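Q: when you get a sec, could you give me coordinates for this:
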Amino acid sequence: MDFQSLKVIDPIQKALKEEGYTHPTPIQQQSIPIVLKGTDLMGCAQTGTGKTAAFAIPILQLLYNNKKEGKRNVRALIVTPTRELAIQIGESFDVYGKHLPLRNAVIFGGVKQHSQTNELKNGTDILIATPGRLLDLIQQGFISLKDIEIFVLDEADRMLDMGFVHDVKKLITLLPKKRQSLFFSATMPDDIIKLAQSILFQPEKVEVAPISSTADTIQQKLYYVDKGNKNALLMDILNNKDIKTALVFTRTKHGADKVVKVLRRYEVTAEAIHGNKSQNARQNALTNFKSQKTRILVATDIAARGIDVDNLQYVINYEIPNIPETYVHRIGRTGRAGAAGTAISFCDAIEKEYIRDIEKLINRSIPVVDDHNFPLEDHNPIVEPKVTFQRNTPRPKNTQQKPKGNAPSKKNKKPFVK
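A: Model (predicted):
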């Protein structure tokens, strides 16, 4: 099947051909016809399946075929959880629609709004936005949603994980009731299905490569290692010169910065990408990584969601995620489009339970590498429980013995007189 058989119009086909697109992915094959006929869609697809093109291509075609005269108003709204992902989606619309007279704009928080509001004043057909900045600019009067014809909620599961559920629900109340809605999520737990039902009207469902699966092209390796030896193991692995670049994951922003400091100490070019970094710093780090000027990019899960690097061969889980689906998201950065990839995971004693949950989700055991220089020795670390006393809860009695003899009590002790 090709894009012509999906009835994609010539200007978009031309753009796709120029970008080297030959055949649509499964999610695109199923989604594009549904969107083109104006039906609501609920799509379940994991990272790297071509999901963005699955909604961007038909949206461009629908807006082009239904031209509006006069001032440009926002007719299509795509809401996504992170700045990186918003930028990536905007770039996709630029590519697929470069031969069409349509404009798109990208807005997100963490930067000054002046340049974004100026772009909005010039008019835009398609708006890609993160929830917080979108609601802020709506409240300031820079954006109106009254002309929205197509609404897309992308990465819905991540949206909920990041606490955007109330923002999303507020946005829904501002949208026209008569609209086409598209809902995409990598996972479909009950709370996501409930949210989808509040947004969609008689949707068709498309499910491709659910999150519980990992690509067969990815070679997975598991290293059991003490927490204190993870830096040493990382350097030991990076001594392999075949690893030109690698994306390293940590659970926290502070952890990402600490790993970068260690790598730089050993003269390994490394940069971190996370929510505390400015937008320019994040973009520069990503550009340097793609050009291999930076060998190691250390990222948190949220910041990495929008990272799309061609031919990325190595992903390293410096810390095991405590959410099993996150593991699949992480290693899905490599092994794309049939290419080979390697996912290496460092697991300390406390993280063993996370591995059990991951293996249960993906329905397979991750091969363990036993022959390495820093094997796990402390298999059962003692974690001291934190004792807190709540209000109205009696504290434990003092069991210390009182001194024997005639020692005076504090109550009866006479003051010292000189």
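
Q: and L63, how many neighbours?
A: Look at L63: counted by other C-beta atoms under 10 Å, it has 19 neighbours. C-beta coordinates here come from the backbone N, C-alpha and C atoms, glycine included.

Q: try D191
A: 12.

Q: same deal with G132?
A: 13.

Q: would you say it is within a helix?
A: Yes: assessed by DSSP: H, G, I helix; E, B strand; the rest coil, G132 belongs to a helix.

Q: I'd say it and I107 touch.
A: No: G132 is beyond contact range of I107, at 10.0 Å (criterion: C-beta atoms under 8 Å).

Q: for I199, give its distance to P24.
A: 25 Å (C-beta to C-beta, to the nearest Å).

Q: with D301 instead?
A: As judged by C-beta to C-beta, D301 and P24 stand 29 Å apart.

Q: next one: Y327
A: In terms of C-beta to C-beta, Y327 sits 28 Å off from P24.

Q: who has more neighbours out of the two?
A: Using other C-beta under 10 Å as the criterion, Y327 and P24 rank with Y327 on top: 28 against 22.

Q: quick one: contacts for that one?
A: Residues in contact with Y327, defined by C-beta atoms under 8 Å, 6 or more residues apart in numbering, are 317, 320-321, 345, 358, 361-362.

Q: between those residues, which sits nearest P375?
A: Nearest to P375 among the contacts of Y327 is S345, at 14.8 Å by C-beta to C-beta.

Q: name the SS class of that closest one, please.
A: strand.

Q: ok, it - contacts?
A: So S345 contacts 220-223, 316-317, 320, 327, 355, 366 (C-beta under 8 Å, 6+ apart).

Q: from the residues you listed, which is closest to L153?
A: Nearest member of the contacts of S345 to L153, counting by C-beta to C-beta, is Y327, at 23.8 Å.

Q: helix or strand for that closest one, which one?
A: According to DSSP states H and E, Y327 maps onto helix 324-331.

Q: gap between that helix and the chain center?
A: Remark: helix 324-331 is offset 10 Å from the chain centroid, using C-alpha atoms, centre = their mean, to the nearest Å.

Q: for stretch 229-238, same thing?
A: With C-alpha atoms, centre = their mean, you get 26 Å for stretch 229-238.

Q: what does stretch 145-162 give?
A: On C-alpha atoms, centre = their mean, the centre of stretch 145-162 falls 15 Å from the chain's centre.

Q: stretch 313-333 now?
A: 11 Å.

Q: same question for stretch 88-103.
A: 22 Å.

Q: do the same with stretch 17-35
A: The answer for stretch 17-35 is 23 Å, by C-alpha atoms, centre = their mean.

Q: for the record, mean pLDDT for that stretch?
A: The pLDDT scores in stretch 17-35 average 89.

Q: got the end-to-end distance for that stretch?
A: 21 Å (C-alpha to C-alpha, to the nearest Å).

Q: what about the helices in the stretch 151-300 of the chain?
A: Using DSSP state H, counting those that start in this stretch, the helices of the stretch 151-300 of the chain run over residues 156-161, 165-174, 190-199, 230-238, 253-265, 279-290.

Q: what's in contact with the fourth one?
A: Judged by C-beta under 8 Å, 6+ apart, the contacts made with helix 230-238 from elsewhere in the structure are 223, 225, 243, 246, 248, 259, 262-263, 266, 268, 295-296, 316, 318, 344, 346, 348, 372-374.

Q: filter the residues you listed down to the ones in strands?
A: Among the contacts of helix 230-238, the members falling in strands (DSSP state E) are 223, 246, 248, 296, 316, 344, 346.

Q: what is the least confident helix or strand in this protein?
A: Sorted by mean pLDDT, DSSP states H and E, the helices and strands of the chain end with helix 301-304, the least confident at a mean of 67.

Q: mind putting the contacts of S345 in CSV, distance to A156 and pLDDT included?
A: Formatted as CSV, the contacts of S345 follow (distance: C-beta to C-beta, whole Å; pLDDT from 0 to 100):
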residue, distance to A156, pLDDT
Q220, 27, 96
K221, 31, 97
L222, 30, 98
Y223, 33, 98
I316, 28, 97
N317, 24, 97
I320, 24, 95
Y327, 19, 89
I355, 27, 96
I366, 28, 96
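
Q: buried subset of those residues?
A: By neighbour count, with 16 or more other C-beta atoms under 10 Å, the contacts of S345 hold 220-223, 316-317, 320, 327, 355, 366 as buried.
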